[in-house]
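Asker: Provide a 3D model corresponding to the input given below.
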Amino acid sequence: MLAPSLAHAQAAPPPLPAPPNPRFQSIEYSPDQVFTLQAAPGYQVTVELAPDEHIENVAIGDSGAWQVTANRRGDRLFVKAVRSDVTTNMTVVTDARLYSFELVPLPGPQPDMAYALRFHYPSPEAAAAETASGAELGRYKMRGARALIPSGMHDDGVHTYIEWPPGRTLPAIYAVNDQGKETLVNGMMRDGWMVIDSVQAKLVFRIDRSSATAQRVSEGGR
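Answerer: Here you go, the predicted model:
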């Protein structure tokens, strides 16, 4: 027979959750931010991007002082400091975003040194709203091949934002000057929008022999 004291023993309190591990760090993505990554020689840091993102190119300022490799899926980077005296930068281009890093070496392992840096991102709805929330100083009149006409387009006076329906083949984009000369324009996909770091009076979209144009009109203009 159990002793009364044992029969009425209280259950042990549940264990407290472990505190966050500082070696696994999360950071919110922003296209205009430089992310600092610290590492000590003999250690590697894993940079985790979105699971549906694929790395296209990695450029390092001093590739002799830092070693960077990507996994086969193209959504992870493994960063190692080869030397402890060289700070440099790194640019990562994916099929969806652009990342800018400052690589800072540590003299040795630190208690809060990151083993993994994980990016998290605004929801697609919030990102689209944020992208389109800037002052819309310019709108555009479209004409030409329907398949090349964007579903949305505006600018904020500094950047031009262009959106095509999902799955649509993206055309080459050209700026047209006052003499009618066309110059290829480069852009970057950011959360579903093609962002061009300039504002042009006229743009031409081309795929093979098909083309469409976008003529800028000021707010309220014709």
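Asker: Now residue 147, what are its backbone angles?
Answerer: The phi/psi pair for residue 147 (degrees, to the nearest 10) reads phi -70, psi -20.
Asker: That should have said residue 148, apologies.
Answerer: Residue 148 adopts backbone torsions of phi -100, psi -10, taken as degrees, to the nearest 10.
Asker: Verify the contact between it and residue 171 for me.
Answerer: Yes. Counting by Cβ atoms under 8 Å, residue 148 does reach residue 171; the two are 5.2 Å apart. C-beta coordinates here come from the backbone N, C-alpha and C atoms, glycine included.
Asker: Specify the residue ranges that define each domain of this protein.
Answerer: When the chain is parsed with automatic domain parsing, its domains come out as 24-121, 128-217.
Asker: Could I get those domains in a markdown table, plus columns for mean neighbour count?
Answerer: Formatted as a markdown table, the domains of the chain follow (neighbours: other Cβ atoms under 10 Å):
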| stretch | mean neighbour count |
| --- | --- |
| domain 24-121 | 15 |
| domain 128-217 | 15 |
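Asker: before we move on, the earlier item: hey, what's in contact with both of residue 148 and residue 171?
Answerer: Jointly contacting residue 148 and residue 171 under the rule Cβ atoms under 8 Å, 6 or more residues apart in numbering are 205, 206, 207, 212.
Asker: Return the residues in contact with the residue lying closest to the third one once chain neighbours are set aside.
Answerer: Of all residues beyond its chain neighbours, the one nearest residue 207 is residue 171 (4.7 Å), with distances taken as Cβ to Cβ, 6 or more residues apart in numbering. With contact taken as Cβ under 8 Å, 6+ apart, residue 171 is in contact with 148, 205, 206, 207, 212.
Asker: any idea how far residue 121 is from the third one?
Answerer: Here the criterion is Cβ to Cβ, to the nearest Å. By it, residue 206 lies 31 Å from residue 121.
Asker: quick one on the thing from earlier: among the contacts of residue 171, which ones are in strands?
Answerer: Among the contacts of residue 171, the members falling in strands (DSSP state E) are 205, 206, 207, 212.
Asker: Tell me which two of the residues you listed sit farthest apart.
Answerer: Farthest-apart pair in the ones in strands among the contacts of residue 171 is 207 and 212; separation 9.4 Å (Cβ to Cβ).
Asker: Show me whatever sits in contact with both of those two.
Answerer: 148, 171.
Asker: how about residue 82, what does it touch?
Answerer: Contacts of residue 82 were listed using Cβ under 8 Å, 6+ apart, and they are 41, 64, 65, 66, 67.
Asker: quick one: it and residue 22, what's the gap?
Answerer: 24 Å.
Asker: how about residue 173, what does it touch?
Answerer: Counting by Cβ under 8 Å, 6+ apart, residue 173 touches 162, 184, 185, 187, 194, 196, 203, 204, 205.
Asker: Name the helix or strand for it, please.
Answerer: Assigned by DSSP states H and E, residue 173 belongs to strand 172-176.
Asker: Please apply the same query to residue 58.
Answerer: Per DSSP H and E: residue 58 is located in strand 55-60.
Asker: packing partners for that strand?
Answerer: Contacts defined by 3 or more Cβ pairs under 8 Å, 6 or more residues apart in numbering; DSSP states H and E place strand 55-60 against strand 66-70, strand 88-94.
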